[in-house]
Every structure is written in C-alpha cells, then in structure tokens.
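Q: Next input, structure requested:
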Amino acid sequence: MNIIIVGGGKVGRSLIELLSVEGHNVTVIETDKKLVETLVNDYDVIGFCGNGGSFTVMEEAGVKESDIFISVTGSDELNIMSCLVAGKLGAKRTVARVRNPEYSLQVPFMRSKLGLSLVINPELEAANEIARFIEFPAAMNIETFAKGRIELAEITVEKDSVLCGMKLMELRKKLNVQMLVCAVQREEEVIIPSGGFVIKEGDRVHFSASHKSLPKIFKTLGLTKKKIKSVLIVGGSRTAFYLAKRLSFAGIDIKLIEQNAEKAARLDEELDNVTVICGDGTDHELLSAERIFDFDACVALTQIDEENLILSMYAASKGVEKTVCKINRAALVKMLSGQINNTNIVAPRQITTRTILRYVRAVSNVDGNEMRTLYQILDGKAEAMEFIATENCKLNGKALKNLSLKPNIIIACISRGNTVLIPEGNTEVAKGDSVIVITAGQRISDLNEILL
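A: This next block holds a predicted model:
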C-alpha cells in the first residue's frame, strides 16, 4: 500500500521502520530537513521537507494516490487539519494522533462528521492498559484479539504454583479450565510447547483464553491476589487524568501526587472523588507521610523514565504489591521487560505504534491480506498473529489433529462469531473464523503458511 506519514519523531520513525519492512511504499513529510535526510537514508523511503498541513506539500507528496495518510506530529491541531486536507485531496483513509483530553470527547464527531478513519490517543490507550493490570494484578502482560473476545495473558510461574510440574496435556482435566498454554520462555529459550511439556518454576507462560473466562482462570491458578482497592498515582500527566477518572468510577480509592501547583489545582477541580496532593512524588519523606506502604498499587507516571523506575522499586521495597511504571525510551523497555517482579512496564509510544499497525493490517486484510493483528511477545522472541480464515484457507473443515503444522507454530485460539474456541484435536477452522497463531523464530503473512 501507499502510506504517507507526517511527522518523523520517535513514533513516526518507528512506523516508518516497521511499515517499510512489511513492504509498503512509505513517504514521510517532516519540517526538519536533516531528519528527513536521515530517514530517507536509513529506511529507503521517499521524503519531503515541509509543513504536513500544506496543500502544496501534500499534492507534491502524492496524497491523492495514498491508501493511508497518518499524521503523528506533536500538534493535535496539525494532525487533525492535515488529515482533513488529505481526505479532501483523495487519501482513502486518514489516521490522526490526538492527545488533548478535550478533543478525546469529540472522537465520534471526528470520525462520523469529519471523516477521520482512526483517532488514536496514546495516553488514553495507556490508561486503559494500566487499568487492565489493576484488574488482573498477577498478569505481567495482557493482549487482546478478536475485538476483545480473546485474551493472551502472560504470567510468571512461582514455586508454589499449581502449574509447577504439570504436563500441559493434564492441565484442562486437572484444573477444569478453558485455556491453552501456547508459548513459554525458560531462561533465554522460547518454546512453543506440545502436550508433554512440563511447566517449571520461573517459566514465563503465555496462555490464551476467552475474555469472560479470564477471572475464573486466574482464581483457579491461585493468581487472584487481593482485590486492589487503593492506588497511588505519581505524576499528573494526561495518562494519570484518564486513569484516575476510570479507576475512581470503578470505586477504587485514588490519591494523585503532582509537583506543579497549577496542574495539581486543575486536576483537583476536574477529578471527582480523587485526592490530589501538590508535591514531589519522588521525595521519600512525602511518600512516607502519605503512607505509600498502605496502598495496594503504585503507578509511576512522571515525565522522566528513570524517576518512574526508581519510584516503582521504592514502592515495591515498602511492600506495595503491584507497581506500574511508564517508560518511553524503547531501549529501556527492552532492558526492563520481565526483570522487575510484580511491575508492569507501559510504553505509550509503543502503544501508539502498535495500534496504528493493527489498523494498517486490518485495512490490508480488506484489500486481500489475511493478517489482522500482530503482537511481539516474550521480548520479541515470539509473535502472536490474528488471521481471518478466507474461502481459500486450506485449514477449513479439517480437524486440527489431522493438520501438519510447521515447527514452532501453534493455533492458540479461534473466535467464531461470539463464540471462543480453545483448540482441541477435533476442532475445525471454518470460513470467517478469527484464528490466533503463535510462532517462534519465523514470520508468516498468510494463514496457509503455517502448514508444511
């Protein structure tokens, strides 16, 4: 597809890299001439130096032939305006990053009346992800598929876990749960397990299940920690605003610490049933005075990655059972993933990139490509992909036990309408099914490619 990206910052660069690797024709529009030259040289894309909202620049960049126009500059207004102009010039689909909470209330209007195809708010998406971690505190990561009907959850197996020493073929019978263990990391090795695989202490386990069954599964596995009733949020960012609003609505006691007096006063006025404190959330004396050790969870959302990391470690040392740490630097995210016990790492920039990529793949599916969604899991050593079984799918109507799959590939889950199927030997794929596939060590782009 022909894709135009306005904005060559960290999100734009990440999108350029991933979309060019996937074979799309990518054009970037950026005001910084040196940055344009760097992106063109690094990724072999077409670059234009100029204002992304300029009619002339857009015409020169070939917007009327574009399949998707994506604007991810630092200005919400420019992103919205450039998408409107692009739509009028003939771009088939437009995507805008919009971060202001005031604009987030107008998303339905932007889509229905202004014609924007997708409006992505990274801070709101990050808040929603953090809320899922609060809901399932034992999970290190949760990804969603099939419009939220299927969950792929990551847990770390503790010494006293009921999973320790259990063969996977015994799991459903012994525990009476509808789940499928589909990927395991043991030390540095990533394994797509078979029925005879035995789970051990320290394994990082990914399992698939329906969204509805997830609470029961966590309870059966002994992973249902005490319900989180109080949360300390440090940092008054947009993400903090969205998160505090959502959690307080759910009846959770929220205390928010923000150093900037003006921002703290505004948050205090805008957030009902939330206690807002003006102070330095990294000052251990203030944290002690506010009794950090009494909170069930601590969420570090300052603007400095290192502060968030240190704060999370401090909270854990004071007995806070669940901590969430916002990290924006990609290198730090990779270094820290899975390294801090009971701490979830949230990266808004990665969430933005992932959401836009998911949309691009969904559009590609409409245009003939089967892939809907792709996530990298287990520190990028495995991939979870969602495909739609088309009429030409070679799996249709065949029992899974009769299929010959390539090594290190497993069908993790199937969604058929509103029904979620945890695969068994006699399960069959049907036309229109959403099929979740996990692979390790290889990339596939078509559902038929999983067969030998």
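Q: All the helices of the stretch 251-400 of the chain, in order from the start?
A: Secondary structure of the stretch 251-400 of the chain, counting by DSSP state H, counting those that start in this stretch: helices at 261-270, 284-289, 305-317, 330-336, 348-366.
Q: Let's have these in CSV, adding mean pLDDT.
A: Output for the helices of the stretch 251-400 of the chain, formatted as CSV (pLDDT from 0 to 100):
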stretch, mean pLDDT
helix 261-270, 95
helix 284-289, 93
helix 305-317, 92
helix 330-336, 62
helix 348-366, 79
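Q: I'd like to know which of the ones you listed lies nearest to Val45.
A: helix 348-366 (15.0 Å; CB to CB). (Each C-beta comes from the backbone N, C-alpha and C, glycine too.)
Q: Keeping just the C-alphas, turn the closest one into PDB.
A: The C-alpha coordinates for helix 348-366 follow below in PDB (Å, rounded to 0.1, in the frame of the first residue of the first chain):
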ATOM      1  CA  PRO A 348       2.600   4.900  25.400                       C
ATOM      2  CA  ARG A 349       4.700   5.400  22.200                       C
ATOM      3  CA  GLN A 350       4.800   1.600  21.600                       C
ATOM      4  CA  ILE A 351       1.100   1.500  22.200                       C
ATOM      5  CA  THR A 352       0.500   4.200  19.600                       C
ATOM      6  CA  THR A 353       2.700   2.400  17.000                       C
ATOM      7  CA  ARG A 354       1.000  -1.000  17.800                       C
ATOM      8  CA  THR A 355      -2.500   0.500  17.400                       C
ATOM      9  CA  ILE A 356      -1.700   2.100  14.100                       C
ATOM     10  CA  LEU A 357       0.000  -1.000  12.800                       C
ATOM     11  CA  ARG A 358      -3.000  -3.100  13.800                       C
ATOM     12  CA  TYR A 359      -5.300  -0.700  11.800                       C
ATOM     13  CA  VAL A 360      -2.900  -0.900   8.800                       C
ATOM     14  CA  ARG A 361      -3.100  -4.700   8.800                       C
ATOM     15  CA  ALA A 362      -6.800  -4.700   9.200                       C
ATOM     16  CA  VAL A 363      -7.000  -2.400   6.100                       C
ATOM     17  CA  SER A 364      -4.600  -4.700   4.300                       C
ATOM     18  CA  ASN A 365      -6.900  -7.600   5.100                       C
ATOM     19  CA  VAL A 366      -9.800  -5.800   3.400                       C
END
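Q: Give me the helices and strands touching that helix, please.
A: Helices and strands touching helix 348-366, by 3 or more CB pairs under 8 Å, 6 or more residues apart in numbering; DSSP states H and E, are helix 10-21, strand 68-71, strand 93-97, strand 118-120, helix 122-135, helix 330-336, strand 371-377.
Q: can you list the weak-confidence ranges in this structure?
A: 104-105, 224-225, 330-342, 365-370 (pLDDT under 70).
Q: quick one, domains of it?
A: 2-120, 126-220, 230-320, 370-450 (automatic domain parsing).
Q: Throw those domains into CSV and include distance to Pro348 and mean neighbour count, thanks.
A: Shown next, in CSV, are these (distance: least, CB to CB, whole Å; neighbours: other CB atoms under 10 Å):
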stretch, distance to Pro348, mean neighbour count
domain 2-120, 9, 19
domain 126-220, 4, 18
domain 230-320, 7, 19
domain 370-450, 16, 18
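Q: Let me have those domains in a markdown table, extended by distance to Val360.
A: Listed next are the domains of the chain as a markdown table, based on distance: least, CB to CB, whole Å:
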| stretch | distance to Val360 |
| --- | --- |
| domain 2-120 | 6 |
| domain 126-220 | 16 |
| domain 230-320 | 24 |
| domain 370-450 | 10 |
